[in-house]
Each structure stands twice: as structure tokens, then as C-alpha cells.
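Asker: fold the following, please.
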Amino acid sequence: MDNVRIDKWLWAARFFKTRSLAAKAVSGSHVTLNGHKIKPSRTLQGGELLVIRQEFLEHTVRVLVLSEQRGPAVVARTLYQETEESVARREQLQEERKMLHLQGSRPEQRPGKHERRKIRQFLKKE
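Answerer: Now for the predicted structure:
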């Protein structure tokens, strides 16, 4: 296989759940190819560098193998190689987000009727 549409490859590599979501991400400039904005119909070739932003995560990957078919996750991981800097940055960001969640623990249950009244009264005083 010489070339593949980038939205098909992103879907086959399991970065996005559907091909239409992959196309929207590409057209919304969440995916760059070698540092340039691209269109979903752009053909992808082996060895190119992609930067993929999903919510708060950013993956920098090098395309190793082209595929139009979506397969198991084990096979999808062989289609690309993530750079070491990208892995380190992503793990650090996940660790920071985990620490933020530990600081403010959630209550075990929602406030009851009387507790809600007390909250409303407290808020009216300010």
C-alpha cells in the first residue's frame, strides 16, 4: 500500500473511534503533518511525523505502516511509533492531573434536603 487518506489511517490506528471524528479533528487543526495543517483527504506516507491533540493529551507519532482497515489494538500499535519526548510529556501531564484529583476529594454522597437548605442559607448571607 503506497498511500492512505489520513482520516482512514487515524481511525485504523485507533486514535479516534470513528472515521468522521478523525476527519473533524484533522479539519479542526487538531492533527498536523510535519508541522503543517492538513485536510482529511491528504494522503499519508510512511515515515511522516504526526502531532495529534485529543482533549488535554498530545501524541507525537511517526508513521511506520499504512493501513485502511481497523484491526485489534495490538495490531494498531504496530502502525506507529510514539516519540520518547511525547511519552514522557504525556505521562507527566497525566500524573499532574491525577494529583489535582487527589487534592479535592469528592463527597461520598449528595447533600440531603436539610443539608441543601443549610447550603442555600449560607450562600444567601454572602
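Asker: contacts and neighbour counts: CA atoms only from here.
Answerer: Fine.
Asker: average pLDDT for the lengthiest helix in the chain?
Answerer: Secondary structure of the chain per DSSP state H: the longest helix is helix 84-103. Average pLDDT, helix 84-103: 88.
Asker: how long is stretch 40-60 from one end to the other?
Answerer: End-to-end distance for stretch 40-60, by Cα to Cα, to the nearest Å: 18 Å.
Asker: next, the distance between the ends of stretch 74-91.
Answerer: Stretch 74-91 has an end-to-end distance of 20 Å (criterion: Cα to Cα).
Asker: where in the protein is pLDDT low?
Answerer: Scanning the chain for pLDDT under 70 picks out 1, 104-105, 126.
Asker: where exactly do the strands run in the protein?
Answerer: 4-5, 31-33, 36-37, 43-44, 49-54, 57-63, 80-82 (DSSP state E).
Asker: contacts for the fourth one, please.
Answerer: Contact partners of strand 43-44, identified using Cα atoms under 8 Å, 6 or more residues apart in numbering, comprise 3, 4, 5, 6, 9, 66.
Asker: 7 Å instead?
Answerer: With contact meaning Cα atoms under 7 Å, 6 or more residues apart in numbering, strand 43-44 is reached by 3, 4, 5, 6.
Asker: so how far is residue 74 from the last one?
Answerer: So the one you mean is residue 6. Taking Cα to Cα, one finds residue 6 at 20 Å from residue 74.
Asker: so between the two, which is more surrounded?
Answerer: Each of residue 6 and residue 74 has its neighbours counted (other Cα atoms under 10 Å); residue 6 has more, 26 against 9.
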